[in-house]
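>>> Predicted model and sequence below, questions to follow.
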Amino acid sequence: MSATSSLGYPRIGKQRELKFALEKYWGGKLQEQELLTQAAQLRLEHWVVQSENNIQVLPSNDFSLYDQVLDITCMVGAIPERFRHLRGQVSDLDLYFAMARGWQRESEQLAAMEMTKWFDTNYHYIVPEIAPDQEFSLRDFKPVSEFIEAKNAGFLTRPVLLGPISFLFLSKTTDSLFSPLQALPKLIPVYCDLLTHLAAAGADWVQIDEPCLVLDLDEKTRVAFSEAYALLHDTPGIRLLLATYFGGLGDNLSTVMNLPINGLHIDLVRAPEQLDAVLAAFPKDKILSLGLVDGRNVWRTPLEPAIRLAKRAAQQHGSENLLIAPSCSLLFSPYDLALEDELDPEVRSWLAFARQKLNEVAVINAAVNGKEETIAQVLAENRKILADRTASSLVHDTQVQERLNQVDASYYRRQGSFAQRKRLQQEMLHLPLLPTTTIGSFPQTAEIRKQRALFNQGNLSLEEYNSFLKQQIQHVIRIQEELGLDVLVHGEFERTDMVEYFAEQLHGFAFTRHGWVQSYGSRAVRPPIIYGDVSRPAPMTVAWTRYAQSLTTKPVKGMLTGPITILQWSFVRDDQPRAGTCRQIALALRDEVQDLQSAGVKIIQVDEPALREGLPLRKSQREAYLDWAVDCFRLVAGVATDETQIHTHMCYAEFADIIGAIARMDADVISIEASRSKMELLDTFHQFRYPNDIGPGIYDIHSPQVPSADEIVSLIEKALQVIPAGRLWVNPDCGLKTRRWEEVMPALGNLVAAARRVRQAIS
Ligand code: GLN
Ligand code: ZN
C-alpha cells in the first residue's frame, strides 16, 4: 500500500506566533530559553496537525528560526570571516541572528549576509558565503535534536536536509577564480558525519532536498552529484529520499537515475509530463514519491486527474513503493483556510491552504489503495466544486474576454519613434539637462501609520483620513519644490503596499485575513488571490495625482504598479496561463494610463520591480516569458500619446541577460538600482546601446547614510562616461518610504546640488 507524506510544513505558525516571538526576542523582551520553548511548541503543533490529517511520513528539521539555508551554513561551520570573532562572545543563537540580520554594537558594524529569492518563489534565503580555503565541520546537531524531539513526542520523522550540491550551488564566493562547488570534497564528510548521528538517533529515512536538479546544470555539477551521493549513500542505516521540486528533471533525468539513492520525490504539479520517463527509468524496488498537491498555490486540487496519475504510477511501479505528497514543502502556502471566515464563500470553496492540502494528499492515497467507497463523497464534492468554479460568473467576465479579443498589434505600439516622442515631450515639459526626480514614495512616518490605523479601526472618518492624506501631499509637494527637484511625485501615502493598493481596486482579486506566507525571517506577506477575469471598475490613482498636480506648476509623475509585478506578487489562477492573466491586468492598467493622461498628467511611471524574478527557472523558457511580459508592459504604455512620457522602474542591477527585453519595453525613461554596484551595470546599457533615457540610482536608499554632493557628482560623472548627457536622469535607486525625513532631506538636497553642478560644468 502506498503511504502519505509531507516534505515540510509552514513554520511561522497559525497566527504568526514565530514572527511575534522572534521580534520580542530581538527587542530584548523574551529570553532565549522562552524563544526556544515557543519554537518547540510550534514544531509539536505541526507534527500533531499533520498526523491528525492523515500524513504518515512526517518531516522534521523543516522548521527554522530564520532560514533553512542559514541553518545548514551554521551547522557545517561556514561562518563568514567577519562574524567569527563573535563566537564565544555571544550565544550561538545570537551569532545566527547576526549573520541573518547584521550586527551593531557600539563602534562595531557587521553587514548582514545577502538575501535572495529561493528559486522562483517569494521566499528569501540567506546566501552562504564560501571562501576558497573554506573548512567545514559539524558544529551543531539541529537535525538530530529535532528528530529526537519528535521521537520523544511519539513521532518517527523523516528529517529534511538541504543537499550538499544545492547548498553549494546557491552559495556565493568573493573569489572569481573559485567556484563554491570546488568545496564539495570538504563538505561531504560533514554530511556523512551528520547522517551517522541521525542513524544513531534512530532515523531510518532522510529527505535530502536537491531542488537545483530542476535547473540547467553543467557537466561539472552533474558529476558532482554522482561523486557526492556515492559517498552519502554509504552511511549505514540511512536511506535517502532525494527530493526535487519546482519543475521537472528534464535533461538531468539520467544523472538522477544513476545516483545510489533509495527514493526519489518528483514534482508532478509543475511537471506532470515527467512521470512516464521517471516510471520507465526508475528501479521498481525504490521508493517513488509523487508530488500531486500544489505546494505553491492556493487552489483545491482537481482530485480525479491527480488520482489517475497516481494510479498509473501504482500500476507500473507497485503501490507498496509509492508515497503520495504535496509537490514541495507547504512553506509557500498559507496555513489554514478555516481561519478565513470573511472570504466570499464561493471563492473560499475553491481554495485549499496547507492544512487542507494534507487531506487532499490523504484522499489521493486512499484512492490508490482501493478505498474508493470511503472517499466517493469527497470526490463527488470535489468534482462539483471544480465544475462550479469553471462555470462561475465570478470567474468569467465576457466584457473582459471581448476586449481581449479586440486587442491587435496597434495596442502594443506607441505612435512615434522614441526620438519623435522625446522631442514632443521636451516641448511640453521643458526639463533641464540631467533632470532630477524620485522613484515615488516618500517616508511613511509613524504619524501616517497611526492615522491609517485609526481609519482602519473606524476611529477616523473617510473625510478626515482623506484630508490628512491631502495635507501630506501638500507637504511633500512643497518640499520637492523647495528642494528644486524637476519632476515631482505625490508620495504614495495612501498606499501600504504597491500591489495590494491596486489589487483592492480591481475586480477579480480576493484578500485573506490570515493567509500569511513567510517572505524571510520574521517577515510574512499576504498575497492577494487572483480568482477571476480582471477589470477596473473605476480610476484608481487619478484623484490623488490630479490633486498633487493642482498644487504645482512642475510636472507630477503618475505612479502605477506594472502588470507583471501585480501578477508575480499574487497567487494566480491555475485555470489559464499566467500570460493570459497578466494581459487582463495590463488592459486594466491601460485604462488607468488613459485616464491619467486625460486628467492632464504628462508623466506616468509604471513600476516593474518583479520583471526579473518572473524569469522561468529553465533558460529555454525565458525568451517566451520575456516576450509576453514585454507585451504586457507595452499594452499598458501603448495607449499613451507621444507627448506623454512613460517611465518604468526596476530595483535591481542584473540586466546583462535581459537587456534586449528591457529595450523592447520602449519606456521613455527607465530608473534602475545602480549605486550599490557603483554604476558598473551601465556597461551593459552602453554595450547594448540602450536607446532611451536612463536614470541610474545614485542614492542608495537601502542605507541610512546620506551621500555627499561630491559623491553624487562623481557617480554622475561616471554615468556620463557611458550615457550621453541628453539621456541621463538623476534619481535615487528606489522609493524612499523606508527612510526617515532626516536622511531624505539632506540626501535629496545634495542630489539636486550635484545635478546642478554637473549641469553647469557641461552646458
Ligand atoms: N514607486 C514605488 C516606490 O517608490 C516603487 C517601489 C519599488 O520599486 N519596489 O515605493
Ligand atoms: Zn525600486
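Nice, thanks for sending it over. Ligands and ions are numbered 1, 2, ... in the order given.
>>> make it CA atoms for all contacts and neighbour counts henceforth
Fine.
>>> Could you tell me how many residues sit around the nearest residue to L156 once chain neighbours are set aside?
The shortest distance from L156 to any non-neighbouring residue, by CA to CA, 6 or more residues apart in numbering, is to A150 (6.6 Å). A count of nearby residues for A150, using other CA atoms under 10 Å, gives 23.
>>> Do I have it right that A150 meets P59?
No: using CA atoms under 8 Å, A150 is not in contact with P59, being 9.5 Å away.
>>> Need the residues touching each of those two.
T157 (CA atoms under 8 Å, 6 or more residues apart in numbering).
>>> Show me what from this protein comes close to ligand 2.
Proximity of the chain to ligand 2 (CA under 5 Å from the ion) is limited to residues 651, 734.
>>> Just want the most central residue of the chain.
Relative to the mean C-alpha position of the chain, the nearest C-alpha, by CA atoms, centre = their mean, is the one of N122, at 2.0 Å.
>>> can I assume that one is in contact with R523?
No: look at N122 against R523 with CA under 8 Å: they stay out of range, at 11.4 Å.
>>> Give me the spatial nearest neighbour of the one residue in the stretch 51-200 of the chain that gets nearest to ligand 1, chain neighbours excluded.
Proximity of the stretch 51-200 of the chain to ligand 1 (CA to the nearest ligand atom) peaks at N122, 13.8 Å away. Of all residues not flanking N122 in the chain, S519 sits nearest, at 6.1 Å (CA to CA, 6+ apart).
>>> Within its sheet, name the partner strands of the host helix or strand of the one you found and how each one runs.
Counting by DSSP states H and E, the element that carries S519 is strand 517-520. Using DSSP bridges, strand 517-520 pairs in its sheet with strand 523-525 (antiparallel).
>>> what's in contact with the partner strand?
Strand 523-525 has contacts (CA under 8 Å, 6+ apart) with 19, 516-519.
>>> Go through those residues and name the one nearest ligand 1.
S519 (14.7 Å).
>>> ok, that closest one touching I126?
No: look at S519 against I126 with CA under 8 Å: they stay out of range, at 11.7 Å.
>>> Who has more neighbours out of those two?
The neighbour comparison of S519 against I126 (other CA under 10 Å) goes to I126, with 26 against 19.
>>> so what's the more buried one up against?
Going by CA under 8 Å, 6+ apart, I126 touches 67, 69-70, 100, 113-116.
>>> which non-adjacent residue is nearest it?
M115 is the one closest to I126 (CA to CA, 6+ apart), at 4.5 Å.
>>> so what pLDDT did the one you found get?
Per-residue confidence (pLDDT) for M115: 92.
>>> and it, how far is that from Y96?
14 Å (CA to CA, to the nearest Å).
>>> contacting residues around stretch 424-440?
By CA under 8 Å, 6+ apart, stretch 424-440 touches 485-492, 555, 559, 642-645, 649, 671, 725-736, 751-752, 755, 759.
>>> which of those residues are buried?
485-492, 555, 559, 642-645, 649, 671, 725, 727-736, 751-752, 755 (16 or more other CA atoms under 10 Å).
>>> May I see the buried residues of stretch 282-292?
282, 286-292.
>>> now stretch 234-241
235, 238-241.
>>> Paired strands for whichever strand or helix holds P59, with orientation please.
Using DSSP H and E, P59 sits in strand 58-60. Using DSSP bridges, strand 58-60 pairs in its sheet with strand 157-162 (parallel).
>>> For I646, give me its contacts.
With contact taken as CA under 8 Å, 6+ apart, I646 is in contact with 603-606, 637, 640, 667-669.
>>> actually S708, not the one I wrote
With contacts defined as CA under 8 Å, 6+ apart, S708 is in contact with 747, 750.
>>> which sections of the stretch 101-250 of the chain are below the confidence cut-off?
The model of the stretch 101-250 of the chain has no residue with pLDDT under 70.
>>> what about K220, how many neighbours?
10.
>>> rewinding a little: among the contacts of I646, which one lies nearest to L35?
Using CA to CA, V606 comes nearest to L35 of the contacts of I646, at 42.6 Å.
>>> So the closest one versus R634, what's the distance?
Between V606 and R634 the distance is 11 Å, computed by CA to CA.
>>> quick one: common contacting residues for these two?
Listed as contacting both V606 and R634 by CA under 8 Å, 6+ apart is no residue at all.
>>> So which bits of the stretch 651-763 of the chain are right by ligand 1?
Residues of the stretch 651-763 of the chain lying close to ligand 1 by CA under 6 Å from any ligand atom are 651, 734-735.
>>> Go through those residues and name the one nearest ligand 1.
Set against ligand 1, the nearest of these by CA to the nearest ligand atom is G735 (3.1 Å).
>>> Could you verify my assumption that that closest one touches F442?
Yes: assessed by CA under 8 Å, G735 is found in contact with F442 at 6.8 Å.
>>> how about the helices in the stretch 401-550 of the chain?
With helices called from DSSP state H, counting those that start in this stretch, the stretch 401-550 of the chain shows them at 418-429, 446-456, 462-483, 500-503, 542-550.
>>> tell me the most buried of those?
helix 500-503 (a mean of 20; mean count of other CA atoms under 10 Å).
>>> Now tell me what touches that one from outside.
Contacts for helix 500-503 (CA under 8 Å, 6+ apart): 495, 509, 527-528, 540, 561, 566.
>>> make it 10 Å
494-495, 497, 506, 509-511, 526-530, 534, 536, 540-541, 560-562, 566-567, 569-570, 585, 589 (CA atoms under 10 Å, 6 or more residues apart in numbering).
>>> Same check on stretch 734-743?
Applying CA under 10 Å, 6+ apart, the contact partners of stretch 734-743 are 438-445, 491-493, 496, 609, 649-652, 671-674, 697-707, 744, 747.
>>> could you redo the last one with a cut-off of 6 Å?
Contacts with stretch 734-743, where a contact means CA atoms under 6 Å, 6 or more residues apart in numbering, come from 439-444, 706.
>>> And for stretch 628-637?
Contacts to stretch 628-637, defined as CA under 6 Å, 6+ apart, come from residues 411-412, 583, 586, 589-590, 665.
>>> so where do the strands sit in the stretch 1-150 of the chain?
Counting by DSSP state E, counting those that start in this stretch, one finds strands in the stretch 1-150 of the chain at the ranges 3-4, 58-60, 103-105, 108-110, 115-117, 124-126.
>>> Kindly compare burial across those and name the winner.
Sorting the strands of the stretch 1-150 of the chain by mean neighbours (by mean count of other CA under 10 Å), the first place falls to strand 58-60, with a mean of 28.
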